[in-house]
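K.L.:
pasting the structure only:
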């Protein structure tokens, strides 16, 4: 009996329109001078900003079929880059506090804006995984994550995390395990933070064209 109920639940969730899923694109404004400062030191600030804007466009296009809000840090002078999606300013606080605020606002999946491999399919897999898991993570090669999803806000996942380090994912999973959460990791992807990443991205663009 319970297997039939679970099967119906899965069918109901999987047949739900993507537009019913609440998604956050968590990003800095391309107008911000702080955009990709590490990459900018290696390839030049303007080139880094152009790269960031193109990667951000990939994330925004991937988010179009969901109920999406773009949470923006920094000045938002030219709103054309939003592609018509609604935007809100990020709250005050450190990175963890600002991400947690998105989930407290009703979001269930949050993605960053700097992975060239972001796609609607990747995001949909996160929503699907939340049927049977409490926490979904999209790992990156540098030890962080480009996606995080949860059924309800879990503040502990955003406290005392060594942000901007290679230990973000590991520590987050350690906290989740301590809370006895059911964790699902999606396929590992990569983002563009260094000149080597930038060259890899250029090669990917060349292969895709």
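P.N.:
Nice, thanks for sending it over. Predicted model only: the values in this text are computed from it and were never measured. Residues are numbered from 1 along each chain as shown.

K.L.:
Dihedrals phi and psi, the residue most central in space within the chain?
P.N.:
In the chain, the centroid-proximal residue (C-alpha atoms, centre = their mean) is residue 111; its distance is 1.3 Å. Torsion angles at residue 111 (phi, psi; degrees, to the nearest 10) stand at phi -130, psi 150.

K.L.:
tell me the SS of the spatially closest residue to it that is not a sequence neighbour?
P.N.:
Spatial nearest neighbour of residue 111, excluding adjacent residues (C-beta to C-beta, 6 or more residues apart in numbering): residue 147 at 4.8 Å. For the C-beta atoms, the positions are set from N, CA and C on the backbone; glycine is no exception. Classification of residue 147 using DSSP: H, G, I helix; E, B strand; the rest coil returns strand.

K.L.:
List the contacts of residue 147.
P.N.:
Neighbour list for residue 147: 109-112, 122-123, 126, 136-138, 186 [criterion: C-beta atoms under 8 Å, 6 or more residues apart in numbering].

K.L.:
Check what pLDDT it gets.
P.N.:
Note for residue 147: predicted pLDDT of 98.

K.L.:
likewise residue 39?
P.N.:
Residue 39 is given a pLDDT of 89.

K.L.:
Name all residues that make contact with it.
P.N.:
Here residue 39 is in contact with 48, 51-52, 192-195, 197-198 (criterion: C-beta under 8 Å, 6+ apart).
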